[in-house]
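>>> Pasting a predicted model and its sequence here:
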Amino acid sequence: MSVKSSFATSAAGLARWTLRSVLHRSGGALPGKLGLSIDPELIGNLAGLLDASVVITGTNGKTTTTNLIADSVSASGATCVCNRAGNNMETGIAGALLEASSARRRTAGTRRVGVFECDELYTVRVLPKLKPTYFVLLNLFRDQLDRYGEIDHTQDAIARALASSPATTLIFNADDPLCAAIAERVDNPTLPFGLMGATNTESTHIAESRFCSQCNAPLDYEYVQYGQLGAYECPSCGWKRPELSCWAQHVELSAGGYTFEVTDAQSAPMRLSTKYNGLYMVYNILAACVASCAAGADAALFQRVLDTYVPTGGRMTRWDVDGRVVASDLAKNPIGFDRQIQQIKTSGGRLMAFYLNDAEADGRDVSWIWDVDFERLGAAGDVRAFVGGTRANDLQVRLKYAGIDAQIVDGIGPVLAAVADESADEVLYAVANYTAFPPIVQELKELGEVCEGVAGAHGEAAGTGAVTGGADTGAGASAAGAGVSEASAPCDQAGAPAPGIAVLERPLRIVHLYPDALNLYGDGGNAIVIERRCAWRGIPVRVENIHMGDALELESADMVLVGGGADRDQLSVANELRRQRNELAAYLEDGGAMLAICGSYQLLGRSYYMGDTKIEGLGLIGAETVRGDDRLTANVAVKSAICEEPLVGFENHGGRTVLDASEAPLGTSLVSGTGNNGEDGLEGCMHKGLIGTYLHGPALSKNPELADWLIERALERRAVHGDADASALLPLAPLDDACEHAARKAAMGLLG
Ligand code: GLN
């Protein structure tokens with residue numbers, strides 16, 4: 001060890017001792033931070049302490065998988081060095097190594113194995129130094145887009161990390177085309193794992209972009225497990241899920257959780273079972289089993305490891321609070337949250353509390369809650385829901401549009417009090433995101449105790465093997481699901497239509513373009529908002545999802561909605577959109593109502609330059625976009641002519657759009673450095689019935705006036721075309737927008 005490293009080890013050891021023994025605090029990030037400030041090469045210098053090492057990354061399941069691998073390695077007699085405390089950045093990994101280096105000398109013959117959870121973006125700093133033996137890549141889902149940027153950015157970071165450590169074996173989830181695309185790019189040895197065969201246990205409406213990483217064509221799926229995970233093949237260039245080296249098969253879900261077999265081509269299948277019943281757990285367990293065995297653990301002990309596994313920090317935990325079971329779990333992103341909804345639904349849960357914070361570590365942008373299919377819970381009716389956290393208002397609006405009337409609460413105590421009249425057999429589900437979760441767990445610790453020997457958070461659930469949860473959700477529920485959803489029943493929110501109110505002969509036809517490709521930041525929520533606001537007024541409405549390759553006819557359309565997308569998805573969609581140019585041009589020329597968000601707004605202009613790559617736009621508006629060096633990422637407010645209050649939202653884009661002098665903006669930015677290009681103070685554009693804007697949120701969720709502007713526009717155009725029923729629906733019946741306005745006020749508060 002170098003002098004610098006020894007000094008760093010001693011200083012960090014002293015810091016750790018002081019923190020633990022004197023201040024009675026956990027080691028935290030400080031020892032690692034201190035050590036790295038003395039010796040920036042510390043990780044590389046201490047890597048020699050290890051006989052083997054495994055680094056685990058991916059959007060969801062890192063902590064669980066890391067702990068399972070660590071348990072498995074330890075059960076097999078090795079000394080495990082692990083950042084169990086959850087600091088998954090450089091400092092956490094350095095801290096764990098420092099602790100190991102100052103520990104007493106190991107017994108002769110004992111192997112020392114490093115098992116480190118690593119944040120996706122930190123892999124590029126950790127791998128070149130640690131040069132781990134194995135690198136586990138679990139999955140890549142959209143997550144904290146304001147922090148991570150678009151998924152391509154995360155993929156680039158991981159590919160660069162792997163290239164810096166060419167001998168590291170990449171153990172990756174081949175069911176995830178986004179992970180497989182990374183494997184395709186690097187020369188590292190690989191070990192692909194996945195699930196063999198359709199499980200038919202879970203389905204999801206989430207609009208993940210499922211495109212070929214080689215040629216951008218939409219992928220064909222033999223079956224989807226959830227999100228973009230499944231068995232896929234590109235119909236255009238033939239790229240497909242890599243041949244699996246290890247897989248789980250015969251996956252069965254029963255009341256006791258999942259059972260399945262893990263196998264590779266050589267060994268006899270090993271039967272495993274887990275009391276936790278989310279399909280994601282099967283992936284985590286499979287990855288942990290494959291990686292720990294590769295690192296020398298004894299496969300025969302793995303079931304015992306699973307049986308004794310205790311989730312950390314209140315995840316997947318059941319509590320007994322005065323006779324009521326509370327199931328707590330963490331969910332940080334749409335896929336994670338959606339999995340929770342799925343499980344609440346399959347468990348028949350009625351009592352639920354959701355908490356949402358927007359601290360730095362959570363991601364400031366909460367638009368993603370519109371990607372969570374809360375409608376599945378709303379469809380059941382009779383639920384009692386509560387929302388909390390710094391963005392409780394946003395959750396309340398989201399749930400309102402899913403048909404759920406949620407009460408805002410502070411913590412879990414008031415929820416327990418409010419549901420005291422409910423049967424003691426009813427489980428209360430508490431789901432919170434990153435920084436919202438620990439305070440809830442702390443409260444539960446104070447109010448009750450962990451149920452011993454009971455299955456995980458959602459253990460009892462399930463029923464029979466063929467749970468087809470999420471199957472359907474009622475009108476307009478899904479931004480990207482089935483082709484058409486229709487609604488005319490007014491919700492109790494607005495009451496029945498006033499007697500004598502005209503009812504359209506032909507429902508308003510809302511065309512939602514490419515919801516599976518352009519829905520990166522919850523923009524699909526705009527379709528939900530339009531559909532609900534019509535339905536609440538008794539206006540018959542029909543949302544039609546148009547997918548890539550579908551024929552597009554806009555002659556009978558009343559509104560066109562299209563969302564934003566990552567640069568790569570934009571590339572895929574641009575060709576398709578250009579083919580529809582004439583149809584769209586005629587529609588807009590006729591004054592048709594349209595909302596285009598961010599990526600699609602850019603594509604309506606003449607062109608979008610992404611570095612040297614030029615995407616030809618449709619040229620329907622006088623605008624040019626060029627990708628800047630950084631992203632404009634912020635909570636924003638825009639003064640517009642639409643309503644007195646500013647429009648609020650979140651913007652996150654690399655493109656800078658400049659409007660021709662002849663084009664009118666949607667409004668002016670109230671936050672400097674935001675808007676079309678961060679410079680001229682303008683935001684969006686208004687071109688006849690078209691509104692183009694960078695606002696996510698989704699844009700219509702906290703700006704009901706903008707939604708109603710589009711609905712009015714659609715009805716007015718119908719009226720101009722001679723539909724007398726449409727004129728009778730104008731002006732629009734007012735709705736109770738108290739929740740939306742409260743959320744807007746809260747959003748304005750974020751601007752300071
Ligand atoms: N990819 C585009 C950009 O970064 C659009 C992003 C978006 O739709 N949010 O500018």
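Happy to help now that I have it. Quick caveat: nothing in here was measured; it's all calculated off a predicted structure.
>>> Run a quick neighbour tally on residue 181.
Other residues lying near residue 181 total 19 when counted by other C-beta atoms under 10 Å. Placement of C-beta: from N, CA and C, glycine included.
>>> which secondary element of the protein has the worst mean pLDDT?
For the chain, the helix or strand with the lowest mean confidence is strand 484-487, at a mean of 56 (criterion: mean pLDDT, DSSP states H and E).
>>> And the next helix or strand past that strand?
Beyond strand 484-487 on the C-terminal side, the first helix or strand identified by DSSP states H and E is strand 508-513.
>>> Just give me how far that next one sits from the chain centre.
Mean C-alpha position of strand 508-513 versus that of the full chain (C-alpha atoms, centre = their mean, to the nearest Å) differs by 25 Å.
>>> Which strands border it, and is each parallel or antiparallel?
As defined by DSSP bridges, the strand partners of strand 508-513 come to strand 541-546 (parallel), strand 559-562 (parallel).
>>> The ligand: which of these is closest?
For the ligand, the closest of those is strand 559-562, at 10.3 Å, according to C-beta to the nearest ligand atom.
>>> That closest one and the ligand in contact?
No - when contact is scored as C-beta under 6 Å from any ligand atom, no part of strand 559-562 falls within range of the ligand; the minimum is 10.3 Å.
>>> helices and strands around the next helix-or-strand element following that strand, which ones?
Heading C-terminal from strand 559-562, the first helix or strand you meet, by DSSP H and E, is helix 567-579. In this structure, helix 567-579 packs against helix 599-604, strand 607-610, strand 613-616, with contacts taken as 3 or more C-beta pairs under 8 Å, 6 or more residues apart in numbering; DSSP states H and E.
>>> Any residues of the stretch 551-700 of the chain in contact with the ligand? List them.
Counting by C-beta under 6 Å from any ligand atom, the residues of the stretch 551-700 of the chain close to the ligand are 564, 565, 566, 567, 570, 598, 599, 652, 653, 654, 655.
>>> Packing partners of the strand or helix carrying residue 98?
If you go by DSSP H and E, residue 98 is part of helix 90-102. The contact analysis (3+ C-beta pairs under 8 Å, 6+ apart) places helix 90-102 against helix 3-17, helix 30-38, helix 42-46, strand 79-82, strand 112-117, helix 123-130.
>>> where's residue 354 relative to the ligand, distance?
25 Å (C-beta to the nearest ligand atom, to the nearest Å).
>>> Return the set of residues that bridge with that residue.
Beta-bridge partners recorded for residue 354 (DSSP bridges): residue 387, residue 431.
>>> Next, the contact list for residue 293, please.
Contacts for residue 293 were tallied using C-beta atoms under 8 Å, 6 or more residues apart in numbering; they are 72, 299, 302.
>>> quick revisit: report the two of the residues of the stretch 551-700 of the chain next to the ligand separated the most.
Of all pairs drawn from those, the one with the longest distance (C-beta to C-beta) is 570 and 652, at 13.9 Å.
>>> so where do the strands sit in the stretch 251-400 of the chain?
Defined through DSSP state E, counting those that start in this stretch, the strands belonging to the stretch 251-400 of the chain, from first to last, are 257-264, 270-274, 317-321, 324-330, 351-355, 384-388.
>>> what about the residue in the stretch 451-600 of the chain that the ligand sits nearest to, neighbour count?
Checking the stretch 451-600 of the chain residue by residue against the ligand with C-beta to the nearest ligand atom singles out residue 564 as nearest, at 2.3 Å. Burial of residue 564, expressed as a neighbour count using other C-beta under 10 Å, amounts to 29.
>>> now residue 214
Residue 214: 13 neighbours (other C-beta under 10 Å).
>>> ok, back up a step: out of the contacts of residue 293, list just those in helices.
With helices identified by DSSP state H, the entries of those that belong to them are 72, 302.
>>> quick check, nearest of the contacts of residue 293 to residue 503?
residue 302 (61.9 Å).
>>> what's near enough to touch the residue nearest to the closest one when sequence neighbours are not counted?
Nearest residue to residue 302, sequence neighbours excluded (C-beta to C-beta, 6 or more residues apart in numbering): residue 289, at 5.4 Å. Each residue near residue 289 by C-beta under 8 Å, 6+ apart is listed here: 72, 262, 270, 272, 299, 302.
>>> ok, of these, which one's closest to residue 322?
Each of these was scored against residue 322 by C-beta to C-beta, and residue 272 proved nearest at 35.7 Å.
>>> what is the closest one paired to in the beta sheet?
Beta-bridge pairing of residue 272 under DSSP bridges involves residue 260.
>>> Wait, it touches residue 262, no?
Yes - contact status for residue 272 versus residue 262: in contact at 5.9 Å, counting by C-beta atoms under 8 Å.
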